[in-house]
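[1] Got a predicted structure plus its sequence, pasted below:
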Amino acid sequence: MSDYKGIKGFQVQTRTSDPVPYAQALADNPYAGTWAAGGALNTGRESFASSGTLTSGQAAAGYASPGVTNAVENYNGTSWTEVAEVNTTRRQAKGAGTANTATIIFGGTTTGGVAPSATTETWNGSAWTEVNDLNTGRSSGVSSQYGSTTAALLATGRGSPGSPPSDSTGFTNFVESWNGSSWTEVTETGTSRRLALGSGTSTSMLVASGQISPNNTANVESWNGSAWTEIAEVNTSRNSGGSAGVSNSSNLIFGGYSGGAVAVTEDWNGSAWTEVNDLSTSEYDHDGAGTSSAAWSAGGNGYESRTEEWSFSGLDPSTTPAADYADAITGDFYYNSTTGQFKNVGAGVGAWASGGSTNDQYAYQGSCGTQTAGFSISGLIPPGYDAYTEQYDGTSWTETANVNGARHEASAFGSTTAAIFAAGYGPNSLTPTERTDKTESFDGSSWTEVAETNEIKNIMGSGGTATAGIIYGGAVHPNPAPTATANVEYWNGSGWSEQTNMNQARSYLAGFGTQTSITAAGGNIGTAGTTPTNVVETWDGTSWTEVTEINNQRTQYSSGGTTGTSGLIFAGYQPPNPGVKTTTEEWDGSSWTEVGDLATARRTAGRGPVGSSTSSMIFGGQNSVYTATEEWTVPDFQIKSVTTS
């Protein structure tokens, strides 16, 4: 007997528009920070002490018409309100605190001149109280604005000229730490300066740019609670600007003086400074506070009362799930009343598209990272080797720090802020055949030689992170011919340890995954390592298991994938000549499927997995050496019109 649904059918959804794939939604509504007008200060001022957040900020003392002021105002994210004055009138003081109900102000100068003050005052939400002074009075320093009334830091600044610890100009590298009751001298910065920018806490902050007589410096120093380390320089050197930030890995600097007032805003993400949207108005002698994603800037030269607010809008790719935004389920059938068509929501189909070109032509280079933060490391630039490292941001390539030992056929794993580059072939190697066991570690700014691999080899597979990595297979080179190896090694962040060998020794293989979940496919077998194979093995952290073979046996190919159960292999070499491939195969944990081809056939590109099965890329490689990048993207879904004829 037929049921009601069988007789009457089911209701078809009606929509006025098609669902938008998440990748397109991001492009249409990008996540970005911008400055917008906020409430004006009641007393226009410059060179004041700042602290707090976007919705709980404070501007204390400073320079106002007709002179130095003790006025204090609190911000609630909309307007400024006058509160009790500080006890000591001053300018160029510094402050700390994460809310305008509990702050601290210290240092500065009590006159229009340079005579430094050591006075410290704390605010409890209703009154200011004088507490123990700084050991050395000074003005125009840098403070841990995101600190507190019990933990703050004051670094650099200007003291009395010629009076230690200041130099003949009064500039100093002196640093003091506040513990809630007294100030203690701690490690000095490497560079004496004043009017620098930066923020953070008493154990994690930056001192950026500033004035070193008579010029500005682009130098940046990072504090970890015990020592200062020079890191990447700002793009625009300046002094007397504003700052916001919660640590030495998250900071925002804005405005300042660089031959004139500037509006430039730069964001620090822990590894690089990026110019983002400018202030609406160029400004200096202003300041601000907050975080790198929610901050305020107020005041400025000429006793400005202007306030600007920094905030983000758009779709945040780190918090907005693709499926939730798309509002589409694979298999949905609906009627689009605008176009008058029946439509179906199908699974996304991946495709390759052109990306930015590398600055140099590479082959056999190390590679790791993602499609929007990828690394090309060293490699072969005929007729020699190159030590260059290039970083991709999803659009263009930028040269960064060189490796110490130029080589090719090495393997890499990790990210653009923490990577490992291991073994390979190059002129800085250890054997007559020029293979090496050298390993280098990248910390976000420079490469350092660390522990060697146990076996001297090249053309291995790799995966994992800078503290939990794996290399497998490859070629060792006893005379008279290279020999494939089944060797497997783990990297734990400081050294290498040998693990269970693969079942099939091979070189020129690749794969994808983590230290405990790898899929290793293809490669060369044989004494000379010249015979391609289609063998695939998976690693579960304990043992290797042979699984379904790839469809096209090949070697010298590239890969993408973050887990051993989902990834891609693409390009490569399959004799006879020319044998260079555009083929892409996808692994779903149980079988291989051929998907979209590359636009350009190539081999011997990056030696390390980049991205994932839905977002990967390839760059460099042979038959000739290429600069072109191709990007693999799988949309959240695709929409097909349904014909009824």
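    Sure, I can see it.

[2] give me the low-pLDDT residue ranges for the stretch 1-150 of the chain?
    Along the stretch 1-150 of the chain, the model assigns pLDDT under 70 to residues 1-10, 23-24, 112-113.

[3] which residues in it form strands?
    13-15, 32-37, 49-53, 56-64, 67-75, 80-83, 94-99, 102-106, 120-123, 128-131, 142-143 (DSSP state E, counting those that start in this stretch).

[4] Which neighbours in the sheet does the shortest one have, and how are they oriented?
    According to DSSP bridges, strand 142-143 has the following sheet partners: strand 152-158 (antiparallel).

[5] and the direction of the strand it pairs with versus that of strand 102-106, what angle?
    Here strand 152-158 points in a direction 30 degrees away from that of strand 102-106 (axes from the mean of the first three to the mean of the last three Cα atoms, to 10 degrees).

[6] Tell me which helix or strand comes right after strand 152-158.
    Later in the chain than strand 152-158, the nearest helix or strand by DSSP states H and E is strand 171-178.

[7] I'd like to know which elements that next one is packed against.
    Other helices and strands packing on strand 171-178, by 3 or more Cβ pairs under 8 Å, 6 or more residues apart in numbering; DSSP states H and E, are strand 152-158, strand 183-186. Where you see a C-beta, it was placed from the backbone N, CA and C, and this is true even at glycine.

[8] to the chain's geometric centre, what's the distance from it?
    Here strand 171-178 is found 30 Å from its chain centre; the criterion is Cα atoms, centre = their mean, to the nearest Å.

[9] Let me see the residues that make contact with it.
    Identification of contacts with strand 171-178 by Cβ atoms under 8 Å, 6 or more residues apart in numbering yields 104, 106, 120, 134-136, 138, 147, 150-159, 165-166, 183-194, 202, 211-213.

[10] got the end-to-end distance for stretch 152-165?
    One end of stretch 152-165 to the other measures 20 Å (Cα to Cα, to the nearest Å).

[11] buried sites along it?
    A152, L153, L154, A155, T156, G157, R158, G159 (16 or more other Cβ atoms under 10 Å).

[12] Over to stretch 79-92?
    Judged by neighbour count using 16+ other Cβ under 10 Å, the buried positions of stretch 79-92 are W80, V83, V86, T88, T89, R90, R91, Q92.

[13] since we're on E498, how many residues are nearby?
    Using other Cβ atoms under 10 Å, the number of residues around E498 comes to 12.

[14] Tell me which residues touch it, please.
    Contacts for E498 (Cβ under 8 Å, 6+ apart) come out as N454, N487, V488, E489.

[15] ok, now T98?
    Applying Cβ under 8 Å, 6+ apart, we find T98 in contact with S51, G52, T53, S56, Y146, G147, S148.

[16] does the fourth one really touch T81, like I thought?
    No. If you go by Cβ atoms under 8 Å, S56 and T81 don't touch, sitting 11.5 Å apart.

[17] Please identify every residue contacting each of the two.
    Residues touching both S56 and T81 (Cβ under 8 Å, 6+ apart) are N74, Y75.

[18] Please name whichever of the strands of the stretch 1-150 of the chain is nearest to I471.
    Among the strands of the stretch 1-150 of the chain, the nearest to I471 by Cβ to Cβ is strand 32-37 (38.6 Å).
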